[in-house]
Structure formats: C-alpha cells, structure tokens
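> what shape does this take:
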Amino acid sequence: MRHIHLCTVIALLLFMSSLTGKGQREPDKTFPQHGLHLSGATVKFVGMYSVSYEYTLLGTEFYKMNLSAGAGGWYLTDILETASGYSIPVSVSNLLGNGSNRFEFDIGVRYTFFNERSTKTDLSPVYPVINFGYRYQKQSGKGLIFKAFIGASGIGIGIGKAFRTKPVKKDKR
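Numbers count the residues shown, from 1 in each chain. This is a model prediction of the structure:
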C-alpha cells in the first residue's frame, strides 16, 4: 500500500513539473539560485532542527524545484526511552503558485546519528522528510524566506535568506 502512495506522489510531482504558468516553458531567470535557512519542528515526542542550503534545480513562473541539504539535530522520546543526535537532511522542495506566497511540498530523507545517551537502540538511522506548508519569498527572488509547515517531524517554521551569485564575466583576449 505504501508503494502505491509513493508512486502516486512521484507521478504527481512529474506531472506538476511539466505545468507552467500561462503556458510559459522558459525558465524563470528572476528566481534565486541559492538559499540558506534555519528550520525547526516539534510535536509532543518528536522534533528536529537544521541549517540548510538550497539550490534551485528548475523554475518557471508557476513551479520551482529546489534541492536542499543541511545539518542539525533531532530527538525522539517517550515516557521511558529517548533517542537523539545529529542529523543530515536531504530533500527536494516543490513550490507551487505565483507571486511571493506559495505552497511548498518537501520530500526527502534524514540520516540520523545516535548519541551515547540514547536508550533506544532498535531504531533505523534513516527517517523520511515529508512536509506540506506555506512559503513566503519575494517574487524578485532575493531577501527573506519564511516557511510554516507540518510534516513527519511535527509542526515547524523556518526563516532564511535567498540570494543569487553573479555570473562570471569572461575576458575577451
């Protein structure tokens, strides 16, 4: 059953990547190529935080796809046992919408490292990153990134900065 859901999500993402606003097929040159943000999420017995770098893989007026990788921490606890440590989240963010306000769907994996105080030893070191939420980012592409989301790690927020690098000019010698 899980494979059917995963295949459906992948098919929808591929379909959405072919959609563009107003029939436009050209890449959106105004969207930033880079971003740096701090995110955190928690709900009762699970939580995470991370600092992540993201790179825009493709973008049109209506759809953007970013690859994100970072470093941070995580925890999982119940009444008698706890597990926590460092983590490396890697994900693909899909942004839908026009203007500064967009819907964001984030899917990926979080590789976790257990610290010596962890009492749970039968846990997998790999956890899914699945988030649905809202993202504010100026249409011009530079400046503030604000995210509010709900997902596998709970309810969270993120804040950061988007920027572009200037193209390298070649000498005409």
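> only C-alpha atoms for contact and neighbour calcs from this point on.
Will do.
> my read is that residue 77 contacts residue 83, right?
Yes: counting by Cα atoms under 8 Å, residue 77 does reach residue 83; the two are 6.1 Å apart.
> ok, those two, which is more surrounded?
More neighbours surround residue 83 than the other of residue 77 and residue 83, with 20 against 16 (other Cα atoms under 10 Å).
> avg pLDDT for stretch 52-71?
What stretch 52-71 shows for mean pLDDT is 91.
> can you dump the C-alpha coordinates of that stretch into CSV?
Listed next in CSV are the C-alpha coordinates belonging to stretch 52-71 (Å, rounded to 0.1, in the frame of the first residue of the first chain):
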residue,chain,number,x,y,z
SER,A,52,20.1,24.0,5.3
TYR,A,53,21.5,25.2,1.9
GLU,A,54,19.2,25.0,-1.1
TYR,A,55,19.8,25.3,-4.8
THR,A,56,17.1,25.9,-7.4
LEU,A,57,17.2,23.0,-9.9
LEU,A,58,14.5,24.3,-12.2
GLY,A,59,11.9,27.0,-12.1
THR,A,60,9.1,28.5,-14.2
GLU,A,61,6.6,31.2,-13.3
PHE,A,62,4.3,28.7,-11.5
TYR,A,63,6.6,25.9,-10.4
LYS,A,64,10.0,25.8,-8.7
MET,A,65,12.1,22.8,-7.6
ASN,A,66,14.9,23.2,-5.0
LEU,A,67,17.4,20.7,-3.8
SER,A,68,18.2,21.2,-0.1
ALA,A,69,20.9,19.7,2.2
GLY,A,70,21.8,20.6,5.7
ALA,A,71,23.0,19.6,9.2
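> residue numbering should commence at 55 henceforth.
That works, and once the first residue is 55, the last one we named lands at stretch 106-125.
> buried ones in that stretch?
Neighbour-count burial for stretch 106-125 flags 106-110, 112-125 (criterion: 16 or more other Cα atoms under 10 Å).
> check stretch 140-156 too.
140-150, 155-156.
> once you drop chain neighbours, what's closest to residue 206?
residue 184 (5.6 Å; Cα to Cα, 6 or more residues apart in numbering).
> contacts for the helix or strand hosting the one you found next, please.
Residue 184 is part of strand 180-191 when elements are defined by DSSP states H and E. Around strand 180-191, the neighbours that count as contacts under Cα atoms under 8 Å, 6 or more residues apart in numbering are 143, 145, 154-166, 197-207.
> thinking again about what came up before, give the single residue among the buried residues of stretch 140-156 positioned nearest to residue 179.
Closest approach to residue 179 among the buried residues of stretch 140-156 (Cα to Cα): residue 141, at 9.1 Å.
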